[in-house]
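**Q** Sequence first, then the predicted structure, then my questions.
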Protein chains: 2
Amino acid sequence: MDTREKILGTATRLFSTQGFANTSLSQVAKEAQVSKALIFWHFENKEKLFRTALQRTLEPYFINVVDDLEGLSEVDQIKRLIDQYYAFVSENLYSVKFVVSLLLRDEKHPDDLIGHVNELHRVYRNLLADILDSGRQKGVFRAKMDPRMDAALIMTALHGILVQGFMGDAAPESSEPLLQHLKASLVDTLIR
Amino acid sequence: MDTREKILGTATRLFSTQGFANTSLSQVAKEAQVSKALIFWHFENKEKLFRTALQRTLEPYFINVVDDLEGLSEVDQIKRLIDQYYAFVSENLYSVKFVVSLLLRDEKHPDDLIGHVNELHRVYRNLLADILDSGRQKGVFRAKMDPRMDAALIMTALHGILVQGFMGDAAPESSEPLLQHLKASLVDTLIR
DNA sequence: GTCTATAGCCCGATAGAC
DNA sequence: GTCTATCGGGCTATAGAC
């Protein structure tokens, strides 16, 4: 593997599990099995290395989620989106933890991290709201529902599952049925 | 004010806003207006200071929530608990952020932090489940509901509001109506 | 109990040989 | 591109005067 890649991979892993301040370049160098000075050759300083690692971390966040929805009913589209959100979080738990922990810190938020995350949240919520509204107009969902609020509520519940995943290492076994219950409760109660 | 108190208060504030590694004892000493050595006289080392500060941070987490519920109907008890959870998080946002960020780190979790948080979560969820079950037996709620799962779902949604609070500084204005919608959707749909 | 002074370590970053 | 060696500085922690 490329040396730069080796450094970047190690740094991404260490930053995302230990945070920026807790991770020394000496540790990165040791675990990547290169000299410390080499890090400065490839990345100007610790800050630049961090930004590059963060960018790498955020890459999979651009997921094309819409393609999967064609041909499904509104109800199934919603359920599919919920499943996809959950699957994404499960598969990227480390980096998700990383991003959330960045949001929690006073630490200078690198560039537009917050904007990036908010944008992702907004897109997802709007997609849900559009589907809900479409279903409402077709008479699948209750007429007096509020698509935007119900979309926000679904997002909220999904974020909640996220938190549960942080807390209990007991999560893996307990959050799967919770997800099923969430889909049943939130979606099915919207059906007229 | 007592010097020890002054150090502890300053440390609690700085640790909770900047994290452990990002907060130097020099900074604590400066902001508490004492000499650095004095910190070591009162607290053996940085770790001990941190543990003491964390304990202080967790103190308000023992809230007596039950007394407020007497005389209320099951539906109103649930809604009251939801409001209390939300109010608590709003009033203790900094320390809540602190605790969550600790949960996110690989860092040695100080003592039984996770156990402590899980316990709090468990107590709260069981309380919700008991109330739901009581209401179900009285015929207030649907007979075929699952009190434990529905309690877990409510907890999940509340945790989700937490995350929203982290993300958007736009939270204060947008999470209040979301809370109302949450109560309406989750609780009222349980009513038979 | 509170201070100043300082030891000793590890950090980020640089210089320079190969 | 990769290394060793090293600098200056901030850190935790200690020593010792008052």
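**A** Looks like it came in fine.

**Q** Which parts of chain A are helices?
**A** For chain A, the helices defined by DSSP state H cover A:3-18, A:25-32, A:36-42, A:46-58, A:74-91, A:93-104, A:113-137, A:147-167, A:171-182, A:188.

**Q** Provide a list of residues in contact with the residue nearest to A:Val163 when sequence neighbours are not counted.
**A** Leaving aside its sequence neighbours, A:Val163 sits nearest to B:His159 (CB to CB, 6 or more residues apart in numbering or on different chains; 3.8 Å). C-beta coordinates here come from the backbone N, C-alpha and C atoms, glycine included. B:His159 is in contact with A:159-160, A:162-164, counting by CB atoms under 8 Å, 6 or more residues apart in numbering or on different chains.

**Q** Now those in TSV, please, with extra columns for distance to DNA strand C and pLDDT.
**A** Shown next, in TSV, are the contacts of B:His159 (distance: CB to the nearest atom of the strand, whole Å; pLDDT from 0 to 100):
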residue	distance to DNA strand C	pLDDT
A:His159	32	91
A:Gly160	35	91
A:Leu162	29	85
A:Val163	30	86
A:Gln164	33	83
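
**Q** Which among those count as buried?
**A** If you count burial by 16 or more other CB atoms under 10 Å in any protein chain shown, the buried members of those come out as A:159-160, A:162-164.

**Q** Could you measure from the residue nearest to A:Val65 when sequence neighbours are not counted over to chain B?
**A** Sequence neighbours aside, A:Gln84 is the residue nearest to A:Val65 in space, at 5.5 Å (criterion: CB to CB, 6+ apart). To chain B, A:Gln84 is 17 Å away according to CB to the nearest CB, to the nearest Å.

**Q** and A:Gln84, what pLDDT?
**A** Looking at A:Gln84, its pLDDT is 90.

**Q** What about A:Leu81, how many residues nearby?
**A** Other residues lying near A:Leu81 total 22 when counted by other CB atoms under 10 Å in any protein chain shown.

**Q** actually A:Leu93, not the one I wrote
**A** 16.

**Q** What about A:Ser16, how many residues nearby?
**A** Neighbour count of A:Ser16, defined by other CB under 10 Å: 24.

**Q** what does A:Leu38 give?
**A** Residues near A:Leu38, counting by other CB under 10 Å: 15.

**Q** Over to A:Gly9?
**A** 16.

**Q** Name the residues of chain A found near DNA strand C, please.
**A** A:23-27, A:36-37, A:40, A:45-47 (CB under 7 Å from any atom of the strand).

**Q** what ranges of chain A fall below the confidence cut-off?
**A** Applying pLDDT under 70 to chain A picks out residues A:105-111, A:168-174.

**Q** Walk me through the domains of it.
**A** For chain A, the structural domains run A:3-57, A:62-188, going by automatic domain parsing.

**Q** Could you export those domains as CSV, including distance to DNA strand D?
**A** Formatted as CSV, the domains of chain A follow (distance: least, CB to the nearest atom of the strand, whole Å):
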stretch, distance to DNA strand D
domain A:3-57, 3
domain A:62-188, 15
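
**Q** which one of those lies closest to B:Ser95?
**A** Closest to B:Ser95 of the domains of chain A is domain A:62-188 (CB to CB; 11.7 Å).

**Q** I'd like the distance between A:Ile131 and A:Ala151.
**A** 8 Å (CB to CB, to the nearest Å).

**Q** my bad, A:Gln18
**A** As judged by CB to CB, A:Gln18 and A:Ala151 stand 35 Å apart.

**Q** Those two: which is more packed in?
**A** Counted by other CB under 10 Å, A:Gln18 and A:Ala151 do not tie: A:Ala151 has more neighbours, with 22 against 18.

**Q** Spit out the contact partners of the more buried one.
**A** A:125-126, A:128-129, A:132.

**Q** Go again with 6 Å.
**A** A:125, A:128-129, A:132 (CB atoms under 6 Å, 6 or more residues apart in numbering or on different chains).

**Q** Repeat that for A:Leu104.
**A** B:97, B:101, B:166.

**Q** who wins for neighbours among those?
**A** In the contacts of A:Leu104, the most neighbours by other CB under 10 Å go to B:Ser101, 23 neighbours.

**Q** if I look at it, how far off is B:Phe20?
**A** 10 Å.

**Q** okay, now A:Met149: neighbour count?
**A** 18.

**Q** now the one 3 residues further on
**A** The number of residues packed around A:Ala152, counting by other CB under 10 Å, is 23.

**Q** for A:Leu128, same thing?
**A** Neighbours around A:Leu128, by other CB under 10 Å: 24.

**Q** quick one: contacts for it?
**A** Contact analysis of A:Leu128 by CB under 6 Å, 6+ apart lists A:151, A:154.

**Q** Kindly report the same for A:Leu153.
**A** B:181, B:185.

**Q** repeat that with 8 Å
**A** A:Leu153 neighbours (CB under 8 Å, 6+ apart): A:186, B:157, B:178, B:181-182, B:185.
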